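*Asks:* My questions are about this predicted structure, shown below with the sequence.
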Amino acid sequence: MLYGGYDHNVDKKGRVFIPAKFRDDLGETFIICRGISGKRCLCVYPFSEWEKLVAKISELPSSQASGIKRFIFDGAFNVEFDAQGRILIPPSLREYASLQGNAHLIGMNSYVELWASELWAEEDVFTPEDIFADADKFQL
C-alpha cells in the first residue's frame, strides 16, 4: 500500500528521488503518465495497477475510451530507478505537470501522484471539515 507525502527536488536533468517506502511497492520497472483526475499532476503506477487501469478503460464504450486512451497512452512511459533511487521524468511530462524545482509525492494507495509543489499548494486547500463533512455517508 502506497501512502504518505514527501517533498523532493526535481534536478536540472529532470530526475526526482522516490522514497524507499514507495520503491518497494512500485517494483523495478513501472509506468509514469499524465494524471487522469483532471489535475496537472503525474501518476506513477506499478505494472499490476497499470494493467487494471488499462482493463477498466477498455471496458468503456469506444466513444469514451478513445479519447482517454489517447490522453493516457500518448504520455505514458516505462521508467526505472537509477542507483540513487531517482527516476527520470520525460521532458513532455515535466512540461505538462510544470515540474521543475520542488515536487510533492503522494501515495494514493495503489499508485503515486507527483505534483509540482506550487500546484500542490493550490490543490491542498481543503480543511478536515471540508473533507469529512459527509463522513456519515461513509462507513469509516
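*Replies:* Received it, and whenever you're ready, just let me know what you need. Numbers count the residues shown, from 1 in each chain.

*Asks:* Low-confidence stretches in this protein?
*Replies:* For the chain, the stretches flagged by pLDDT under 70 are 126-140.

*Asks:* which residues in it form helices?
*Replies:* 20-26, 47-58, 62-74, 91-96, 117-123, 128-131 (DSSP state H).

*Asks:* Residue 106 is nearest to which of these?
*Replies:* helix 117-123 (8.0 Å; CB to CB). For glycine as for every other residue, the C-beta is placed from the backbone atoms N, C-alpha and C.

*Asks:* Just give the closest residue to the most centrally placed residue in the chain, not the sequence neighbours.
*Replies:* Residue closest to the average C-alpha location in the chain (CA atoms, centre = their mean): residue 43, at 2.0 Å. Closest residue to residue 43 apart from its sequence neighbours, by CB to CB, 6 or more residues apart in numbering: residue 35 at 4.8 Å.

*Asks:* gap between the one you found and residue 71?
*Replies:* According to CB to CB, to the nearest Å, residue 35 stands 10 Å off from residue 71.

*Asks:* and what of residue 21?
*Replies:* 29 Å.

*Asks:* And for residue 107?
*Replies:* 23 Å.

*Asks:* So for the two, which sits in the more crowded spot?
*Replies:* The neighbour comparison of residue 107 against residue 71 (other CB atoms under 10 Å) goes to residue 107, with 19 against 13.

*Asks:* residues touching the nearest residue to that one once chain neighbours are set aside, list them.
*Replies:* In space, residue 107 comes closest to residue 2 once its chain neighbours are excluded; the distance is 3.5 Å by CB to CB, 6+ apart. By CB atoms under 8 Å, 6 or more residues apart in numbering, the contact list for residue 2 reads 21-22, 25-26, 107-112.

*Asks:* Residue 82: which of those residues is nearest?
*Replies:* residue 26 (13.6 Å).

*Asks:* Wait, the closest one touches residue 20, no?
*Replies:* No. Counting by CB atoms under 8 Å, residue 26 stays clear of residue 20, with 10.6 Å between them.
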